[in-house]
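Student: Predicted coordinates and the sequence they were generated for:
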Amino acid sequence: MKHLKGVTFFSLFVFLLLFLCFVFVSASDAADSENCLMCHKYRFLGRIDEHGKKRNYNVDENIYNETVHRNVPCRDCHTSIQNLPHEPITDEVNCGNQCHIKPPFAKENFSHKAIIDTYNKSVHGAKSTDSDELKAAKPYCKYCHLNPRYTKVEEERVSSSTLERCFNCHEEKGVTQAYKHITHRLRHKTSRSRQEIVELCSKNCHEDVDKMKKFRVSEESLESVETYRRSIHGKAVALGSEMTADCVSCHATSKIHDIYKKDESASTVNKNNLKRTCQQCHLDVTSKFVQIDVHSGITSSEKPFLHFLEIQLGFVLYGTIFGLLGLALIETIGRKKDGIKWQIKGGTTWRGKSKRGFEDE
Amino acid sequence: MIITLTTVVGVLYHLTFSHHGPALLTPFKEKIEEKNRSLIMEEVKFLEEQEKHRHFHNIAEFPEMPEDMRPVCFICHSDYPHSKSKKVRALLNMHTQFFTCEACHFENKPGIQTVFSWYNPMDANPKGPFFGTSYDSESGNLEAVNDKFSKITAFIKKGGDLESTMQKQDAPLALDYVKIRDQLTPNERDNVKKKFHVNIKPKGHECKECHDRKSILDFNKLGFSANRIVDLEQLNITGMITKYETFYLPNLFKDE
């Protein structure tokens, strides 16, 4: 009996040891330490929900392992999951949660909380005074931020002398990558292109005038996308410029999420802050310069002179083009009637004898 | 002539591709779009966009099987046919990637011998490798394959020949049904549906019938690798579903 007890105790001890090894090894090796992908790796894991919406729960492990959240364990975000098979998840993920990633030299685990605090204070954060419809329409984290694939920065703008000093203590591969990551972020305000930023702010949101009207935005804001696209900034960005201002360049500081209405003192486009905002790109910013209306709508009531000038220039442009076209057309019809044919020969396009008795050269 | 052509090209460019151009054509475009407008299609596109943002994990692109090559069941039951059991509906739907509906729901009558084999509507004799049959030795993930459409289905053995139990959407009966279904009364429609389901049983196989060492599927013959067979036959999730009401995830090692 005593012998049996000893065997049982020993078996339990071995089992516990193996279990602990398994948990610690797998947790350190992969983000999916709880093997959620056992089910979620399959493409047709999904259903049609009660509202007729198609829901797909597949997580492609090959793609996910290349994304910026690849090291975050699933339940760090999906905190409501406590049992398996789990209930449908109805709670939104709270990006302010602390996850089990500890950044280098940090005492606490990583969290997006600081950004969320900034965002909540901004015009896009849901306020207690907002209507339910407005709260639902405001962009939450996932509206703007997808989980992009991690792309290595390939720029060669690396200070080799600085890096060499880092190698005294750190491994070359990791520290080069970290250095590139940090310096790249210092040079670029956002990781998205200018065109993508404009598209993101416009599509399904700021360019939807009916939607904006519902939320009683100012007349100026109603036309903001249209007037931006007509501006020199909008045209340059549409043509592919990466040096010209997009929405975020002017409406937020380097915190990116601190976008306020322009009458609020913290707003980057508040009249007291405009000089600093324009100075990000324009060196010689004067008080006159900041008076230039960036979102300029040219209407007959607001700017009659510019409005009139625009119509005049339109007439001149189209009058010239269609005038020339018309003349060329009349000329062509007349000559055809006279029996003179088109020929491109020796620089002459018309050849033949006219019915009216004269010969074209 | 050259001047005229250049001017015409210039005007066309200005009206179409230039920065101002599209705005000039917008009213015409809107008129054409208004004519072809479908509220349902708009909703479908909106929901797809919404799902992309909701999902967050990057929805993997995957080629869709041509509509007329899908099994006839998809007309009414879609890609996600299981909805009743809250606990396992998503898991059951997951199986549609690997099986045709008939593989689980074909009613095997006495005297009929069925075998399971791979079926591909685009390839009469699919050779594989098939998705889900092996692991990538480097990453440990399921191995990526070229064949995206092959599924396991039930075949009736008739002498030396195998006859598929499934019906495609271009089968005469299915084509006829799609054509006239709006003219049928609900009763008539039910009768036709009964005809479609004459060899179909509502409840498919139990987990253990396939995920077991005595599986009705010959994984080896179907081309599954040895380690994949072990995982499928001894699948933990089967136990979680059949043995436990709820399986609690341990929080033992969390920092809470």
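Tutor: Noted; the coordinates are in hand. Numbering: from 1, shown residues only, chains lettered A, B, ... in the order given.
Student: what does the stretch 51-200 of chain A have sitting close to chain B?
Tutor: Within the stretch 51-200 of chain A, the positions lying close to chain B (C-beta under 8 Å from any C-beta of the partner chain) are A:53-65, A:67, A:75, A:81-85, A:87-88, A:93, A:100, A:109, A:142-143, A:146-147, A:149. Glycine gets a C-beta too; all of them are placed from N, C-alpha and C.
Student: Buried ones among those residues?
Tutor: Buried by 16 or more other C-beta atoms under 10 Å in any protein chain shown: A:55-61, A:63-65, A:67, A:75, A:81, A:84-85, A:93, A:100, A:142-143, A:147, out of these.
Student: How confident was the prediction at the closest residue to A:Ile197 other than its chain neighbours?
Tutor: Nearest residue to A:Ile197, sequence neighbours excluded (C-beta to C-beta, 6 or more residues apart in numbering or on different chains): A:Asp246, at 4.2 Å. Per-residue confidence at A:Asp246 stands at 95 (pLDDT).
Student: Run through the residues that contact A:Asp246.
Tutor: Applying C-beta atoms under 8 Å, 6 or more residues apart in numbering or on different chains, one finds that A:Asp246 lies in contact with A:194-195, A:197-198, A:233, A:237.
Student: Run a quick neighbour tally on B:Glu188.
Tutor: Applying other C-beta atoms under 10 Å in any protein chain shown, we find 12 residues neighbouring B:Glu188.
Student: Helix or strand: which one has it?
Tutor: Counting by DSSP states H and E, the element that carries B:Glu188 is helix B:186-196.
Student: which parts of that helix are buried?
Tutor: Buried positions in helix B:186-196, judged by neighbour count with 16+ other C-beta under 10 Å: B:192, B:196.
Student: and if you look at stretch A:41-50?
Tutor: A:41-48.
Student: restrict the residues you listed to those near chain B?
Tutor: Residues of these in contact with chain B (C-beta under 8 Å from any C-beta): A:41-48.
Student: ok so, going back, just checking, what packs against the helix holding B:Glu188?
Tutor: Judged by 3 or more C-beta pairs under 8 Å, 6 or more residues apart in numbering or on different chains; DSSP states H and E, helix B:186-196 is in contact with helix B:172-180.
Student: can you give me the strands for the stretch 101-250 of chain B?
Tutor: Applying DSSP state E, counting those that start in this stretch to the stretch 101-250 of chain B gives strands spanning B:114-119, B:151-158, B:161-164, B:247-248.
Student: returning to that earlier point: would you turn the ones next to chain B among the buried residues of stretch A:41-50 into TSV with pLDDT and secondary structure?
Tutor: TSV is the format used below for those (pLDDT from 0 to 100; DSSP: H, G, I helix; E, B strand; the rest coil):
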residue	pLDDT	secondary structure
A:Lys41	87	coil
A:Tyr42	88	coil
A:Arg43	87	coil
A:Phe44	88	coil
A:Leu45	90	coil
A:Gly46	90	strand
A:Arg47	90	strand
A:Ile48	88	strand
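Student: Now distance to B:Met122 too, for those residues, in a markdown table please.
Tutor: Converted to a markdown table, these look like this (distance: C-beta to C-beta, whole Å):
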| residue | distance to B:Met122 |
| --- | --- |
| A:Lys41 | 25 |
| A:Tyr42 | 22 |
| A:Arg43 | 18 |
| A:Phe44 | 19 |
| A:Leu45 | 24 |
| A:Gly46 | 24 |
| A:Arg47 | 27 |
| A:Ile48 | 27 |
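Student: Of those residues, which is the nearest to A:Ala114?
Tutor: Of all those, A:Ala114 sits closest to A:Lys41, with 33.7 Å by C-beta to C-beta.
Student: Chain A contacts on the stretch 51-200 of chain B?
Tutor: Neighbours of chain A within the stretch 51-200 of chain B, by C-beta under 8 Å from any C-beta: B:51-60, B:62, B:78-80, B:82-83, B:86-91, B:93-97, B:139, B:141-142, B:144.
Student: Narrow those to those that are buried.
Tutor: Judged by 16+ other C-beta under 10 Å, buried ones among those: B:54-59, B:79-80, B:82-83, B:89-91, B:93-97, B:142.
Student: Now, the residues you listed that are in strands?
Tutor: Secondary structure from DSSP state E places none of those in strands.
Student: quick one: which of those residues sit in helices?
Tutor: B:54-55, B:89-91, B:93-94 (DSSP state H).
Student: Report the two of these separated the most.
Tutor: It's B:Arg54 and B:Leu91 that sit farthest apart of those, by C-beta to C-beta, at 20.3 Å.
Student: Just the buried residues of stretch B:166-177, please?
Tutor: For stretch B:166-177, using 16+ other C-beta under 10 Å, the buried residues are B:166-167, B:169, B:174, B:177.
Student: where does the chain have low pLDDT?
Tutor: Since you didn't name a chain, this refers to chain A. Counting by pLDDT under 70, chain A shows low-confidence ranges at A:1-31, A:152-157, A:344-351, A:356-361.
Student: wait, chain B
Tutor: B:1, B:14-25, B:239-256.
Student: So which residue is smack in the middle of it?
Tutor: Geometric centre of chain B, nearest residue: B:Asp79, 4.6 Å, by C-alpha atoms, centre = their mean.
Student: which ones are touching that one?
Tutor: Counting by C-beta under 8 Å, 6+ apart, B:Asp79 makes contact with A:44, A:46, A:54, B:93, B:96.
Student: Fine by me, thanks again.
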